[in-house]
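Trainee: this one's structure only:
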C-alpha cells in the first residue's frame, strides 16, 4: 500500500482555520438533537418503571440547551430528600437518567465524530 500526500503545512494551517465555523454550526444541531433524544429515552424509562406514587414523575424530565454546544436533560424542580425521582433512603436509586445517557452517549459520539471526520476529509 502506498500513501501519496499532496500539499504542505500551509494547506493544513488553512484547513484548521476554515474548519471551526461550519463544524460549530453542525455540532450545535447534533447537541440539541441528542439532548432531546436522551430526554425522550429517560422519560420512557421513568414512565415504565414508575409505581403509583410516581406515575407523573416522567413529566418532570425536560431538556434544555445551556449554550450553543451544551445541553442537559433531567428532572426539573427539587429532587433532594424524599422527592419522587430522588430514590428513597431504603430503596434502590433511580437510574432512569443514567440508563438514558448510556444509550444516547455512544450515538452522540458517533455523529460528532463523523462531523469532525468530514471536516478534515470531505
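Mentor: Looks like it came in fine. Computed from a predicted structure; not experimentally measured.
Trainee: Just the pLDDT at residue 108, thanks.
Mentor: The model reports residue 108 with a pLDDT of 97.
Trainee: is it true that it touches residue 29?
Mentor: No - Residue 108 is not in contact with residue 29 according to Cβ atoms under 8 Å; the separation is 11.9 Å. Backbone N, C-alpha and C define where each C-beta goes, glycine included.
Trainee: of those two, who's got more company?
Mentor: Legend: neighbour count by other Cβ atoms under 10 Å for residue 108 and residue 29, higher for residue 108 (17 against 11).
Trainee: Can you give me the separation between the more buried one and residue 1?
Mentor: Counting by Cβ to Cβ, to the nearest Å, the gap from residue 108 to residue 1 is 33 Å.
Trainee: And for residue 61?
Mentor: Residue 61 is 50 Å from residue 1, by Cβ to Cβ.
Trainee: For these two, work out which one has more neighbours and name it.
Mentor: residue 61 (24 against 2).
Trainee: Any idea which helix or strand in the protein has the lowest mean pLDDT?
Mentor: Sorting the helices and strands of the chain by mean pLDDT, DSSP states H and E puts helix 9-18 at the bottom, at a mean of 84.
Trainee: Helix, strand or coil: sort out residue 62 for me.
Mentor: Put simply, residue 62 is strand when judged by DSSP: H, G, I helix; E, B strand; the rest coil.
Trainee: Quick one: neighbours of it, just the number.
Mentor: Residue crowding around residue 62 was assessed by other Cβ under 10 Å; the count is 15.
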